[in-house]
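Visitor: okay, here's the prediction I keep looking at, along with the sequence it came from:
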Amino acid sequence: MTRQARIVQRTFAIALGAVAAAAIGCSRQSRPAPAATGVQRGGNLVVSIRSEPRTYNRFASRDPVTELVSLLTQAKLVRINRATSEVEPWLAESWTRSEDGLRYTLKLRQGIAFSDGRPFTAADVLFSFRAVYDPKSPGPLADSMLVGGKPLQVSSPDPATIVVTFPSPFAPGLRILDNLPIVPRHALEAALDAGDFARAWAIGTPPGQIVGLGPFLVREYAAGERLVFERNPHYWRKDASGTTLPYLDRVTLEIVPDQDAELLRLEAGQIDMTQTEIRPEDYAPLKRAADQGRIKLLDLGVAYDADSFWINLKPGAFRTDPRSAWLQRDELRQAISMAVDRQKFADTVFLGAGVPVYGPVTPANKTWYSPDVPHTPYDPARAKTLLAAIGLTDRNGDGLLEDAHGQPARFSLVTQKGKTALERGAAVVRDDLKAIGLTVDVVALDPSGLIQRILSGNYDAMYYRVNTTDTDPAINPDFWFSSGSAHFWDMGQKTPATDWERRIDEIMARQVASPDPGERRRLFDEVQQIFAEHLPVVYFVAPRVLVATSSRVVNVTPALTVPQLLWAPDMIAVTGAPPAR
């Protein structure tokens with residue numbers, strides 16, 4: 001292990017970890033935001049992001065920057081507190097639940113207005129549900145709002161009340177509503193009626209037309225440079241002392257694709273924080289800045305999500321390609337898992353600041369992680385045996401494998417350009433697979449191009465970070481169910497493409513409906529076992545999450561999920577002079 005790796009592992013830690021998903025009681029009342037001692041309103045927070053949002057419309061895209069824009073400008077009926085994992089009242093100030101657990105009656109806050117001054121009512125909630133379920137404008141949020149493949153039924157007996165009825169038992173209850181931003185009917189109904197909702201609020205939309213209930217509103221967008229958000233004068237939240245939130249006057253998102261440039265700007269005080277975690281190799285220079293009082297460093301522990309390797313498993317994707325005989329076989333993915341030395345991966349990619357993992361649920365998720373998931377051994381010899389079983393052998397003695405037609409066993413691996421951990425991880429995978437005779441061509445694309453490849457299915461294999469939206473697997477049906485839009489290896493299947501995916505669908509349907517936490521854990525353990533057997537996605541190492549802010553940033557509550565520092569933007573404050581431009 002390198003000296004720098006040992007330094008990273010000695011960082012001072014705040015052990016946040018995962019908190020068990022709390023069962024929703026029969027009722028829940030809102031509490032005011034805690035008062036921040038000594039915090040004053042005003043100031044500009046400058047945050048670096050690595051790419052531009054694909055749209056202002058969270059209903060149309062799942063990319064991390066679009067989600068961040070939604071956190072700044074929109075609000076939800078209830079919110080999952082990302083530091084505690086508890087469900088909190090938000091636009092709904094309270095609720096009650098029926099005895100059978102299928103019906104929730106939510107009381108909406110009164111006197112709330114959108115950022116353009118128009119009043120918020122139950123009609124906007126009904127509109128938002130109509131939009132997310134609209135078959136003419138399918139988007140990434142739709143399947144995350146289904147229970148048993150069916151939509152929630154929503155009604156409004158009066159302008160201040162919403163009744164949500166679940167089609168079948170759903171153990172997480174109202175946690176599902178954290179997936180749905182409430183958007184203004186008056187601004188978007190025409191687009192929905194015209195069947196054009198998915199294209200509404202495109203990135204070229206004048207900022208003044210983006211309306212929301214969040215703490216900020218879009219003020220300026222300079223392509224390739226920055227987005228500027230200003231305080232929403234109609235924002236509804238106050239802290240316990242009666243101070244109107246947000247504390248900040250402005251949030252500026254500076255687009256900095258290169259991580260080296262991002263580090264230099266953070267060290268120089270030109271930005272206050274980054275959208276996501278810092279790299280392990282950046283710890284040493286930032287520790288020096290922290291010792292000088294210019295930077296604050298936090299180690300949040302092991303991440304919920306590990307970088308993911310997957311092969312395009314869409315049936316027919318390689319029908320006319322000779323590689324169709326082996327590229328989508330389970331044995332190939334099993335061999336890849338055996339061929340990568342996970343400890344070397346942790347030391348090389350994350351400088352030792354990471355733990356080997358063998359599935360999509362990492363040890364950080366203490367409620368749902370299963371230690372019984374098989375730990376694939378590092379065994380290159382066994383990997384070669386598996387490859388030989390599917391016809392891949394070294395037929396010409398050059399040390400590389402060929403298929404039955406004498407063609408090289410070769411595929412391309414797409415990853416994100418400018419994301420050091422992904423580029424370095426893809427290189428380790430390439431080198432370890434070359435040692436067993438597989439040839440991998442790494443292709444690094446900008447985030448927009450990479451997302452387009454995923455959505456179009458135009459790729460051989462991917463190496464990318466897929467972030468879950470909640471610690472409870474029932475809130476991530478888009479990943480676990482074969483019909484899901486985040487079932488990346490073969491998205492949006494009308495019927496399960498394989499028997500094992502059908503089995504996962506059936507078990508997850510029981511898992512999300514069970515009222516017994518122990519039974520839910522047992523069922524999800526079974527799902528993880530099936531996943532480990534067939535390895536649609538291969539995981540190697542979950543990194544430790546390191547975050548940093550300038551010393552002038554106060555009142556931040558870090559969390560393990562992305563964005564680790566900006567998930568509660570209305571509570572963040574700054575002191576002193578703004579960053580130099």
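Guide: Okay, I see it.
Visitor: could you look up the SS state of Leu546?
Guide: Three-state assignment for Leu546 (DSSP: H, G, I helix; E, B strand; the rest coil): strand.
Visitor: cool, Phe479 as well?
Guide: Applying three-state DSSP: Phe479 is helix.
Visitor: could you measure from Ile49 over to Gly449?
Guide: Distance, Ile49 to Gly449, using Cβ to Cβ, to the nearest Å: 17 Å. Every C-beta, even on glycine, is put in place using the N, C-alpha and C of the backbone.
Visitor: show me the helices in the protein, by range?
Guide: Taking DSSP state H as the test, the helices found in the chain are 3-9, 64-73, 122-132, 185-193, 259-267, 283-291, 330-339, 342-349, 380-389, 420-434, 447-456, 477-480, 499-513, 517-534.
Visitor: and His487, what does it touch?
Guide: Residues near His487 by Cβ atoms under 8 Å, 6 or more residues apart in numbering: 478-481, 493.
Visitor: could you measure it against Ala542, distance?
Guide: His487 is 21 Å from Ala542, by Cβ to Cβ.
Visitor: I'd assumed Phe309 was in contact with Leu332.
Guide: No: with contact defined as Cβ atoms under 8 Å, Leu332 does not reach Phe309; the gap is 11.5 Å.
Visitor: Glu519: neighbour count?
Guide: Per other Cβ atoms under 10 Å, the neighbour tally for Glu519 reads 14.
Visitor: okay, it: pLDDT?
Guide: Here, the pLDDT recorded for Glu519 equals 97.
Visitor: just the one 3 residues further on next, same as before
Guide: What the model reports as pLDDT for Arg522 is 97.
Visitor: which residues touch Asp446?
Guide: 51, 257, 416-418.
Visitor: report the residue ranges of every domain in the chain.
Guide: Residue ranges for the domains of the chain, per automatic domain parsing: 53-199, 307-542.
Visitor: Thr575: which of these is closest?
Guide: For Thr575, the closest of these is domain 53-199, at 20.9 Å, according to Cβ to Cβ.
Visitor: run the chain-centre distance for that closest one.
Guide: Its chain's average C-alpha position is 18 Å from that of domain 53-199, according to Cα atoms, centre = their mean, to the nearest Å.
Visitor: give the contact list for the closest residue in space to Leu213 that isn't next to it in sequence.
Guide: Closest residue in space to Leu213, ignoring its immediate chain neighbours: Ala75 at 4.0 Å, by Cβ to Cβ, 6 or more residues apart in numbering. Counting by Cβ under 8 Å, 6+ apart, Ala75 makes contact with 90-91, 181-182, 212-214.
Visitor: just Leu286 next, same as before
Guide: 263, 266-267, 278, 295, 297, 548.
Visitor: quick check on Asn476: phi, psi?
Guide: Main-chain torsions, Asn476, degrees, to the nearest 10: phi -120, psi 50.
Visitor: if I look at the nearest residue to it once chain neighbours are set aside, how far off is Val361?
Guide: Spatial nearest neighbour of Asn476, excluding adjacent residues (Cβ to Cβ, 6+ apart): Thr468 at 5.3 Å. Distance of Thr468 to Val361, given as Cβ to Cβ: 9 Å.
Visitor: looking at the two, which is more packed in?
Guide: Neighbour count, other Cβ under 10 Å: between Thr468 and Val361, Val361 has more, with 27 against 20.
Visitor: tell me the contacts of the residue nearest in space to the middle of the chain?
Guide: Nearest to the geometric centre of the chain sits Asn467, at 2.8 Å (Cα atoms, centre = their mean). Counting by Cβ under 8 Å, 6+ apart, Asn467 touches 64, 304-305, 561-562.
Visitor: ok, Ile49 and Gly449, which is more surrounded?
Guide: The neighbour comparison of Ile49 against Gly449 (other Cβ under 10 Å) goes to Ile49, with 24 against 13.
Visitor: surely the more buried one and Thr252 touch.
Guide: No: between Ile49 and Thr252 there is no contact under Cβ under 8 Å: 10.2 Å.
Visitor: shared neighbours of those two, anything?
Guide: By Cβ under 8 Å, 6+ apart, no residue touches both Ile49 and Thr252.
Visitor: Glu52: how many residues sit nearby?
Guide: By other Cβ under 10 Å, neighbour count at Glu52 equals 23.
Visitor: for Val443, see how far away it is.
Guide: 21 Å.
Visitor: what about the chain, any weak spots by pLDDT?
Guide: Residue ranges of the chain with pLDDT under 70: 1-38, 578-581.
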